[in-house]
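Chemist: Sequence and predicted structure, then a few things I'm wondering about:
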Amino acid sequence: MNRNENIKPKVLNEAKVLFLKFGYEGTKVPQIADSAGISVGNIYRYFKNKEDIINELYINSAEELIESVQPIIKYIDFMDFREIHKELFKRIVLFSIENRDTMRFLLRHHENYYISDENKQYMLNGLLPVFHRIFKEIENEAIKKWPVEYIVSVFIGTVAHLIEWVDLKDVNEDFFTKLEQKQWETISDEI
């Protein structure tokens, strides 16, 4: 890779750090350029504006997350939902541990105005088989008859709390198993 080929990834990496630290509104293109060690004008060779930068970061992050759960999605119609929950929880928690900033970025920016509707839809479409299966399990009374958003919130809320507040070196197999079990007890209709 020559020097010019390194610019775009460097801008994206530095922008992610700044967006996580200062938010979208608090991050300015000159800060990104300074952090990446390039001129502001050079950024505009690769991106139209700051919104273009954050949307490229978002779509890249969404692709990473979706890729991490593809092995489950591939077999989602053939697996027991309890096993799906265990495996999905494990994969998303491991993804969050290994890609903490990526997950924090997705959680912080998904619902914001500057992320294009097309990119938000891409993320949802990538996870659609999971949502369909949740609907099916609600209909079958295997999990609580809550709105799907509540069930997803319990799941995502656990992950968000974990990556923000838990020292990740404390996440061992026992911790993971107990956390997943408690989450299952929250959404399950089992007595």
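Modeler: Happy to help now that I have it. As the structure is a prediction and not an experimental result, all values here were calculated from the model. Numbers count the residues shown, from 1 in each chain.

Chemist: Just read off the phi/psi values of F78.
Modeler: The phi/psi pair for F78 (degrees, to the nearest 10) reads phi -110, psi 0.

Chemist: Now do the contacts for it.
Modeler: If a contact means CB atoms under 8 Å, 6 or more residues apart in numbering, then F78 has no contacts. (Glycine included, C-beta is placed from N, CA and C.)

Chemist: again, but for A36
Modeler: A36 is in contact with I7, K10, V11, N13, E14, A15, I43, counting by CB under 8 Å, 6+ apart.

Chemist: With H85 instead?
Modeler: Counting by CB under 8 Å, 6+ apart, H85 makes contact with E180, Q183, W184, I187.

Chemist: on that earlier part again, ChimeraX command to pick out the buried ones of the contacts of A36?
Modeler: Listed next is the ChimeraX selection for buried residues among these, using 16 or more other CB atoms under 10 Å:
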select :7,10,11,14,15,43
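
Chemist: Could you dump the contacts of A36 into JSON lines with distance to D174, secondary structure and pLDDT added?
Modeler: Converted to JSON lines, the contacts of A36 look like this (distance: CB to CB, whole Å; DSSP: H, G, I helix; E, B strand; the rest coil; pLDDT from 0 to 100):
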{"residue": "I7", "distance to D174": "45", "secondary structure": "helix", "pLDDT": "93"}
{"residue": "K10", "distance to D174": "40", "secondary structure": "helix", "pLDDT": "96"}
{"residue": "V11", "distance to D174": "41", "secondary structure": "helix", "pLDDT": "98"}
{"residue": "N13", "distance to D174": "34", "secondary structure": "helix", "pLDDT": "96"}
{"residue": "E14", "distance to D174": "38", "secondary structure": "helix", "pLDDT": "98"}
{"residue": "A15", "distance to D174": "38", "secondary structure": "helix", "pLDDT": "98"}
{"residue": "I43", "distance to D174": "46", "secondary structure": "helix", "pLDDT": "96"}
